[in-house]
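Colleague: The following block contains a protein sequence and its predicted model.
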Amino acid sequence: MYVVIEGIDTAGKSTQLELLKEKLPYAIFTKEPGGTPLGIKLRTMALNGEAKSKIAEMFLFMADRAEHIEEVIKKYKNDTIISDRSMISGIAYASALSIDELINLNLIATNNTLPSHVILLELTPNELKFRLSQKENDSIELRGIDYLINIQNRMKETIKRLNINHIIIDASLKIEEIEKKIEDFINGE
Ligand SMILES: Nc1ncnc2c1ncn2[C@@H]1O[C@H](COP(=O)(O)OP(=O)(O)OP(=O)(O)O)[C@@H](O)[C@H]1O
Ligand SMILES: Cc1cn([C@H]2C[C@H](O)[C@@H](COP(=O)(O)O)O2)c(=O)[nH]c1=O
């Protein structure tokens, strides 16, 4: 089982992952970007805004993804893998290209490996504004509310086009309510 938790910055992914770690101690927890030794270096480059070209930035994330698929997802394919982000973020955030072009490029990077379960935490613009105001923002978060809400719409469109098994959860619900919905989805209920 290859489960991914998706959502724009501050949607609550880390909060839910911490709860899942307690519940599923046998699962492999991983993330993009930065789930491998090479990925840690690529993550720093991408998030520090070192690439001036949007296409170069996209390839930094895509190199991270290709390494992550090979070194983590394929290696543990018979286990329960839970990943913070996936190619869905890759396609949604790389808004310089069309979704169809990005699907093709990402299927090369992932060797056609798709998640079996996608959990998307969906934020309202107001809740996003509040949560961003409560933290120090990295170079991507500094792009603002409209940018991130557009990315969230692209995430929904990407999930639709890939036709993946998924659940969209209102990220403003109470933490325990979200936790229960995720648990039921993973357990196939
Ligand atoms: N259901 C919730 N209701 C209210 N606040 C929440 C909820 N879930 C998480 N938060 C708060 O929102 C903030 C962002 O949460 P978290 O770090 O889990 O998000 P994230 O999706 O992992 O963010 P990022 O992608 O930026 O790392 C934290 O302050 C967290 O406590
Ligand atoms: C996979 C991926 C991620 N991003 C962006 C999304 C976030 O702003 C950061 C990652 O930070 P997090 O705290 O680990 O969530 O990177 C992106 O732009 N492109 C991608 O492919």
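Modeller: Great, that's in hand. Ligands and ions are numbered 1, 2, ... in the order given.
Colleague: would you list every one of the helices in this protein?
Modeller: Secondary structure of the chain by DSSP state H: the helices cover 13-23, 37-47, 54-68, 87-93, 99-109, 125-133, 145-162, 175-186.
Colleague: Save these as CSV, and put in distance to ligand 1 too.
Modeller: Just so you know, the C-beta spots here come from the backbone N, C-alpha and C atoms, and that holds for glycine as well. Converted to CSV, the helices of the chain look like this (distance: least, Cβ to the nearest ligand atom, whole Å):
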stretch, distance to ligand 1
helix 13-23, 3
helix 37-47, 11
helix 54-68, 14
helix 87-93, 9
helix 99-109, 19
helix 125-133, 5
helix 145-162, 10
helix 175-186, 4
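Colleague: Quick one: residues contacting K75.
Modeller: For K75, the set of contacting residues under the criterion of Cβ atoms under 8 Å, 6 or more residues apart in numbering is empty.
Colleague: what do you get for A27?
Modeller: 20-21, 79-82.
Colleague: please redo it, this time with the cut-off set to 10 Å
Modeller: Listed by Cβ atoms under 10 Å, 6 or more residues apart in numbering, the contact partners of A27 are 1, 3, 20-21, 76, 79-82, 186.
Colleague: Would you format the residues you listed as CSV with distance to ligand 2 included?
Modeller: Converted to CSV, the contacts of A27 look like this (distance: Cβ to the nearest ligand atom, whole Å):
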residue, distance to ligand 2
M1, 20
V3, 16
L20, 16
K21, 16
Y76, 19
D79, 21
T80, 21
I81, 16
I82, 14
I186, 20
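Colleague: Now render these as JSON lines, adding neighbour count and pLDDT.
Modeller: Output for the contacts of A27, formatted as JSON lines (neighbours: other Cβ atoms under 10 Å; pLDDT from 0 to 100):
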{"residue": "M1", "neighbour count": "14", "pLDDT": "96"}
{"residue": "V3", "neighbour count": "21", "pLDDT": "98"}
{"residue": "L20", "neighbour count": "20", "pLDDT": "98"}
{"residue": "K21", "neighbour count": "12", "pLDDT": "97"}
{"residue": "Y76", "neighbour count": "14", "pLDDT": "97"}
{"residue": "D79", "neighbour count": "12", "pLDDT": "97"}
{"residue": "T80", "neighbour count": "17", "pLDDT": "97"}
{"residue": "I81", "neighbour count": "20", "pLDDT": "98"}
{"residue": "I82", "neighbour count": "24", "pLDDT": "98"}
{"residue": "I186", "neighbour count": "20", "pLDDT": "96"}
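Colleague: Closest one of these to ligand 1?
Modeller: Closest to ligand 1 out of those is L20 (11.8 Å), distances taken as Cβ to the nearest ligand atom.
Colleague: So which bits of the chain are right by ligand 2?
Modeller: The chain has residues 9, 32-33, 47, 61, 85, 89-90, 93, 140 near ligand 2, with proximity defined as Cβ under 6 Å from any ligand atom.
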